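Participant: Sequence first, predicted model second:
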Amino acid sequence: MLMPSIFGENLLDDFFGYPFRGHHYEANTTELMKTDIKDTDQGYEITMNLPGVKKENVTAELKDGYLTINATSNSENNEKDDNGKYIRRERFSGSCSRSFYVGDAMTQEDIKAKFENGTLKLMVPKKEAQPAVENKKYISIEG
């Protein structure tokens, strides 16, 4: 369905965002956790945008074959007049996460991560699928 050009990507973004939308707000909602995954000979390079998020607020967890990235952000914008009275106080707190299936054979030591300038880069190596080994258990027969 075609939408009039006065609307953005989402009708509700325009409704709920205006007039409080600013550059900081838009960067956090439209750019947060955008992810590129590149297939290389060695493995998969995952690049994730986390603008405005500090390294200490980012966690990567591997559980049951799923790599989960969690990011939290807290910011406060206080402006006071000459008498120390607040003219405006705005606070933002939020968290988000993304999960990727990387396989049950993957371990935490296999995955390398680096956080720099609001960008998280992960290197997930390719692992050959191990064929299931059939364990036959024989019963000894006497006599």
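Facilitator: Sure thing, it's come through.

Participant: Could you pull up the contacting residues of the residue nearest to residue 122 when sequence neighbours are not counted?
Facilitator: In space, residue 122 comes closest to residue 46 once its chain neighbours are excluded; the distance is 4.2 Å by CB to CB, 6 or more residues apart in numbering. (C-beta placed from N, C-alpha, C; glycine too.) Contacts for residue 46 (CB atoms under 8 Å, 6 or more residues apart in numbering) come out as 35-37, 100, 120-124.

Participant: Can you give me the pLDDT of residue 46?
Facilitator: Looking at residue 46, its pLDDT is 95.

Participant: Sort out which residues of the helix or strand containing it are buried, please.
Facilitator: Counting by DSSP states H and E, the element that carries residue 46 is strand 43-49. For strand 43-49, the neighbour count (16 or more other CB atoms under 10 Å) marks 43-44, 46, 48-49 as buried.

Participant: just those now: which is nearest residue 140?
Facilitator: Relative to residue 140, the closest of the buried residues of strand 43-49 is residue 43; by CB to CB it sits at 45.7 Å.

Participant: OK, contacts around that closest one?
Facilitator: 123-126.

Participant: Of these, which is the most crowded?
Facilitator: residue 124 (21 neighbours; other CB atoms under 10 Å).

Participant: Check which helix or strand that one maps to.
Facilitator: Under the criterion of DSSP H and E, residue 124 resides in strand 119-125.

Participant: Counting by contacts, list what that strand packs against.
Facilitator: strand 43-49, strand 58-63, strand 66-80, strand 112-116 (3 or more CB pairs under 8 Å, 6 or more residues apart in numbering; DSSP states H and E).

Participant: Now that strand: average pLDDT?
Facilitator: On average, the pLDDT along strand 119-125 is 94.

Participant: contacting residues around that strand?
Facilitator: 42-50, 58, 60, 67, 69, 102, 106, 110-115.

Participant: Brilliant, that's me finished.
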